[in-house]
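> return a 3D structure for these sequence lines:
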Amino acid sequence: MGIFDKFKKKSVQPMQAEHLNDCLLDIVKIVSFGNVEIFEQARQCVENTAEYYDSHVSYYQERGISGEEETSLLKWIGCIDILINYGYVCECDYKEEKEDFISAVSALKGIDALQMEIEGNLLDGEQSVPQWCETFDEKWKASGCVLAAFDIDSDSYVMFPCRRDKLEELSRLAQCFGHRIDLAENM
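Next comes the predicted model:
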């Protein structure tokens, strides 16, 4: 070992697929508040992606996603759809009506789990989904809760409630997997 060897940059090893799968499964665990049934379905999705795709092809096709897409996208969308099907995540169109937005967010299991109140009278019907999310985030500031969202590269909002202190971890885990989670108001 030479005198300057300790200053050489260590080569960065690409992340192992198993570690990436763990990142996505950690996201599922956090968003579903540790629901074991959801976790097991997500595990099947990430460990046997081609099989999972074949048995859930209609969900993917509704989104215009074929089996030829990158495996990471199939895993990402598969796990998000699992969370949607179980009521932990909702998807709203960018031009969603206020009443439909309130209904979708109110039905989320995390709203009850976090004891968050949905007060529709706070929202202006002329505003948009990000503005409504910002209003709720401001209302929930004292409780430490926010509406976060998965970025699925579409014009819809794929939202879920979470504790603000979990958002940074979720964002980091999503970046590790090559995707994005942020405040819904920032989508």
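> contacting residues for the residue lying closest to residue 84 once chain neighbours are set aside?
Spatial nearest neighbour of residue 84, excluding adjacent residues (Cβ to Cβ, 6 or more residues apart in numbering): residue 91 at 6.1 Å. Yep, even glycine has a C-beta here, placed from its N, CA and C like the rest. Listed by Cβ atoms under 8 Å, 6 or more residues apart in numbering, the contact partners of residue 91 are 84, 104, 156, 157, 158, 159.
> need the residues you listed in JSON lines with secondary structure, distance to residue 111 and pLDDT, can you?
Shown next, in JSON lines, are the contacts of residue 91 (DSSP: H, G, I helix; E, B strand; the rest coil; distance: Cβ to Cβ, whole Å; pLDDT from 0 to 100):
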{"residue": "84", "secondary structure": "helix", "distance to residue 111": "15", "pLDDT": "98"}
{"residue": "104", "secondary structure": "helix", "distance to residue 111": "10", "pLDDT": "98"}
{"residue": "156", "secondary structure": "strand", "distance to residue 111": "19", "pLDDT": "96"}
{"residue": "157", "secondary structure": "strand", "distance to residue 111": "16", "pLDDT": "98"}
{"residue": "158", "secondary structure": "strand", "distance to residue 111": "16", "pLDDT": "98"}
{"residue": "159", "secondary structure": "strand", "distance to residue 111": "11", "pLDDT": "98"}
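> now the residues you listed in a markdown table, with neighbour count?
Listed next are those as a markdown table, based on neighbours: other Cβ atoms under 10 Å:
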| residue | neighbour count |
| --- | --- |
| 84 | 16 |
| 104 | 17 |
| 156 | 17 |
| 157 | 27 |
| 158 | 22 |
| 159 | 27 |
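> and those residues, which is closest to residue 63?
Closest approach to residue 63 among those (Cβ to Cβ): residue 156, at 9.6 Å.
> which pair in the contacts of residue 91 has the greatest spatial separation?
Among the contacts of residue 91, 84 and 157 lie farthest apart (Cβ to Cβ), at 12.0 Å.
> so what's the residue nearest to the spatial centre of the chain closest to, chain neighbours aside?
With distances taken as Cα atoms, centre = their mean, residue 150 lies nearest the centre of the chain, 3.6 Å away. Nearest residue to residue 150, sequence neighbours excluded (Cβ to Cβ, 6+ apart): residue 158, at 4.3 Å.
> perfect, that will be all.
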